[in-house]
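1. Fold the stuff below for me.
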Amino acid sequence: MTNTSDHSTRDQRLHAEDEARNMMRNPEALSDEDGYKVQRAVLQAPAILTEESMCTAEDTFRADSYAEVRRVAFGILKHSGLQICDRTVSNRQLAVEQAEFVEEIGSYIEYLKAIVLLMETAEFRVKLALTMRADVEDVVREGKAVFAARKHSESLSN
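-> Sure, this is the predicted structure:
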């Protein structure tokens, strides 16, 4: 069992990493001291997912339990604001369904925000790790070339 101080330290380290990520939004404005602070925050950041939570997150993502709410949202967006308002005001049953939709889409939005935060954190950690290499420019250039070639190959096969 993990004690409260372990959770507190973990939370503090994750908070420090969030602050570091925010600082990196404008890297040109960072002083050397700030740069070291960012680096220290990432080096001390704990793992975010366990193997089990990673598998659960991936299974949830693949199950796409939000497919229906996403399709409804896209369907709504085919109509103008005026059309949506007219239909909602004139049809009580539709209005109730839309109120339910608002609850569902809110849950979906929170889910997507959590996914975005995880992806941004993974990107940030790797970017910072790359800057620790003496040959960072060459490695990044090579990575970009591999990515571009793969995307080009995929576009040809589609």
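
2. Leaving aside the residues adjacent along the chain, what's closest to residue 21?
-> For residue 21, ignoring the flanking residues on the chain, the nearest one in space by CB to CB, 6 or more residues apart in numbering is residue 124 at 4.9 Å. C-beta coordinates here come from the backbone N, C-alpha and C atoms, glycine included.

3. and what of residue 17?
-> residue 45 (4.3 Å).

4. Show the contacting residues for that neighbour.
-> Applying CB atoms under 8 Å, 6 or more residues apart in numbering to residue 45 gives the contacts 13-14, 16-17, 125.

5. Could you report the distance from it to residue 122?
-> Taking CB to CB, to the nearest Å as the measure, residue 45 falls 11 Å from residue 122.

6. And the residue nearest to residue 17, how far from residue 125?
-> Residue 45 is 7 Å from residue 125, by CB to CB.

7. If you count residues, where's the longest helix of this structure?
-> Ranked by residue count and defined by DSSP state H, the top helix of the chain is helix 92-131.

8. mind listing what's buried in that helix?
-> 98, 101, 105, 108, 121, 124-125, 128 (16 or more other CB atoms under 10 Å).

9. Would you confirm that residue 120 contacts residue 22?
-> No. Using CB atoms under 8 Å, residue 120 makes no contact with residue 22, being 10.8 Å away.

10. mind checking how far whatever helix or strand residue 142 lives in is from the chain centre?
-> Per DSSP states H and E: residue 142 is located in helix 136-157. Centroid displacement of helix 136-157 relative to its chain, using CA atoms, centre = their mean, to the nearest Å, is 22 Å.

11. other SSEs contacting it?
-> helix 92-131 (3 or more CB pairs under 8 Å, 6 or more residues apart in numbering; DSSP states H and E).

12. And stretch 38-51, end to end?
-> 26 Å (CA to CA, to the nearest Å).

13. State the mean pLDDT of it.
-> Across stretch 38-51, the average pLDDT comes to 86.

14. any idea how far residue 8 is from residue 15?
-> Note on residue 8: its distance to residue 15, by CB to CB, is 10 Å.

15. what residue is smack in the middle of this protein?
-> For the chain, residue 116 is the residue whose C-alpha lies nearest the centre (CA atoms, centre = their mean; 1.0 Å).

16. which residues touch it?
-> Not one residue lies near residue 116 by CB under 8 Å, 6+ apart.
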